[in-house]
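Enquirer: everything below, folded, please.
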Amino acid sequence: MAQTPKKILVEHSDFFDVNQIEAPDAALLTGNVRVNHDGIIMTCNKAYYFQKENYIKAFGNVQLVQGDTLFLNSKYAEYNGDMKIAFATGDAKMRSPESTLVTDTINFDRNTQEVFYKTKGTITNRDNTLISKSGKYYVAEKKFQFLTAVTITNPKYVMKSNHLDYYSNSGHSYLFGPSTITSKANFIYTEKGFYDTKKNVSHFLRKSYIKYDDRLIEGDSLYYDRNREFASATRNVIITDSINRGIVKGHYAELYKNQDSMYVTKRAVAVNFVDNDSVYIHGKKMMVTGKEGNRIIRAFNNVRFYKTDMSGKCDSIHSNSKISLTKLIGNPILWNGESQITGDVMHLIGNNTTKKLDSLKVLNNTFIVSKDTLGTGFNQIKGQNLYGKFLEGKLHDVDIIKNTEVIYYMRNETNDLIGINKNVSSKINILFDKNDIETITFFKQIDGEIYPEAELPENARKLRGLFWRGDERIKSKDDIFPSEENIENDKLVMQGKAEEAKENIPMKIRKETLNYDKKKKKGINGQ
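Expert: As a prediction, this is how the structure comes out:
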């Protein structure tokens, strides 16, 4: 059974009159007017009270107060007691405990506890100013909702969206659809995100990216802490270095902007542009620290790298851009064309002026091996140290010094085997042409001879320490990844595609948002 609407009670008025000409069927209230309806108090200078319709029109210094949750001020207002709906216009201002809305016209439905406006409105809430063409305020939830263009201006950033839920008590913002956050530090784009304007922490999903002056961070899920200038990205992560044209990929990354450092894992790969060629480096973990010109790249655990004419493996890599030195640490192996190069210590040195590879240094137990082009034997060069020079990105001129030994299959122009050269000298110089050995020069030859094939037994055709690892050679950029990481990668890529194929729906409201006031009260009471 429907309840009979309560009547508007006039609690005070300096004058009470009935003027059939000015307001037929209405009581004219003037001077310090105060009326009460079901717990809501309205005050004004003058009012027409239509008792039969349970309706009031208020003029001058109108204020409508609902407990301590809502204060509505305007030049003119109407209130329907039966419908429990208020309408305020003329410099309308709504105040709640946390924020103030100023606009031309405000509507308030007490039944649903909703305030809505369709004229340009400005909301101030601590450090935030929100401007929109229209909006709605849910009194119980302390939530503003905007479904048209809205701008939040904060001393640190400007946020723009066409769909935003803003909780005035917590300062939590929920963005939906194309949205941007612009600051001096960076530019953020998202189509689904959460931003805590008090703590300056955020979480973005759906086509999101963070753009710095020199770096672009993309990922299926991005977390960002503005106070610490820290960002993390999960699944299908791409970090683009716009200055050096380098890219780092993986499925998890952490970036500390103030320290200029980056940590990437889960099928991590760095792609750098050197000598008009892309160099791919993979490690289970990758760290990049330091500013441009003083940057250190480190890769750990089962490191593999590839460029068109060179590839390699080692336990870890340490690359310093300031001195243009890349160290291959722990069991390094390099494949240059068909040649396999090993040694205890391996350094690749670049030229900071030309940004090209300049030289190669291999120290202790240097070994170069390549398969004889037609037979089953191996061309082998062994010595203590190797010093090589690059020409246009290719290893061209190589010196091997101290205790050098060679076994080399000599062939004529028609590829017939002339004999097997076996000798010992103090130094060897090799000139490469298109990654193939073109000439070998021996210095201070101690012992050497060219043997016909039949005169050199199989066991004499191998130098001590020969270990051919041709089956491990990295022949493409895809070979740098272990199979288990490829399986995990395929799974994560598919998850990302499946997520993107779904219809984009607004983010679920977090418990910390819904329970914000409860948590606050608990904190005040010290319980």
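Enquirer: excluding chain neighbours, what is closest to residue 88?
Expert: Setting aside the residues directly before and after it, residue 88 is nearest to residue 74 in space (C-beta to C-beta, 6 or more residues apart in numbering), at 3.7 Å. All C-beta atoms are positioned from the backbone trio N, CA, C, and that covers glycine.
Enquirer: for residue 85, same thing?
Expert: That would be residue 109: by C-beta to C-beta, 6+ apart, it lies 5.4 Å from residue 85.
Enquirer: contacts only, for that neighbour.
Expert: Contacts for residue 109 (C-beta atoms under 8 Å, 6 or more residues apart in numbering) come out as 84, 85, 115, 116.
Enquirer: do you know how far it is from residue 407?
Expert: Distance of residue 109 to residue 407, computed by C-beta to C-beta, to the nearest Å: 94 Å.
Enquirer: so which bits of the helix or strand where residue 194 lies are buried?
Expert: Secondary structure assignment for residue 194, by DSSP states H and E: strand 187-196. Under the neighbour-count criterion of 16 or more other C-beta atoms under 10 Å, strand 187-196 has 188, 189, 190, 191, 192, 193, 194, 195, 196 buried.
Enquirer: how close does residue 381 sit to residue 344?
Expert: Taking C-beta to C-beta as the measure, residue 381 falls 16 Å from residue 344.
Enquirer: who has more neighbours, these two?
Expert: Here residue 381 and residue 344 are compared on neighbour count by other C-beta atoms under 10 Å; more neighbours surround residue 381, at 24 against 14.
Enquirer: these two touch, right, the more buried one and residue 404?
Expert: Yes - in this structure residue 381 lies within contact range of residue 404 using C-beta atoms under 8 Å: 7.0 Å.
Enquirer: re the thing from before, can you give me the distance of the residue nearest to residue 85 to residue 115?
Expert: Using C-beta to C-beta, residue 109 is found at 8 Å from residue 115.
Enquirer: ranges for the helices of the stretch 401-527 of the chain?
Expert: Ranges of helices in the stretch 401-527 of the chain, per DSSP state H, counting those that start in this stretch, are 483-501, 511-514, 516-525.
Enquirer: so what's residue 320 up against?
Expert: Residue 320 makes contact with 295, 296, 326, according to C-beta under 8 Å, 6+ apart.
Enquirer: between those, which is nearest residue 126?
Expert: The closest of these to residue 126 turns out to be residue 295 (C-beta to C-beta; 39.3 Å).
Enquirer: so how far is residue 60 from the residue lying closest to residue 12 once chain neighbours are set aside?
Expert: Spatial nearest neighbour of residue 12, chain neighbours left out: residue 34 (4.3 Å); criterion: C-beta to C-beta, 6+ apart. Noted for residue 34: a distance of 14 Å to residue 60, by C-beta to C-beta.
Enquirer: what does residue 326 give?
Expert: In terms of C-beta to C-beta, residue 326 sits 79 Å off from residue 60.
Enquirer: what residues are bridge-paired with the residue nearest the centre of the chain?
Expert: Taking C-alpha atoms, centre = their mean, the centroid of the chain lies closest to residue 217, which sits 3.6 Å from it. Assessed by DSSP bridges, residue 217 has beta-bridge partners residue 210, residue 239.
Enquirer: check whether it really touches residue 239, as I assumed.
Expert: Yes - assessed by C-beta under 8 Å, residue 217 is found in contact with residue 239 at 5.4 Å.
Enquirer: okay, now residue 276: neighbour count?
Expert: Neighbours of residue 276 under the rule other C-beta under 10 Å: 9.
Enquirer: ranges for the strands of the stretch 51-200 of the chain?
Expert: Using DSSP state E, counting those that start in this stretch, the strands of the stretch 51-200 of the chain run over 55-66, 70-80, 85-95, 100-109, 114-117, 121-125, 128-132, 135-138, 143-146, 150-154, 157-161, 164-167, 172-182, 187-196.
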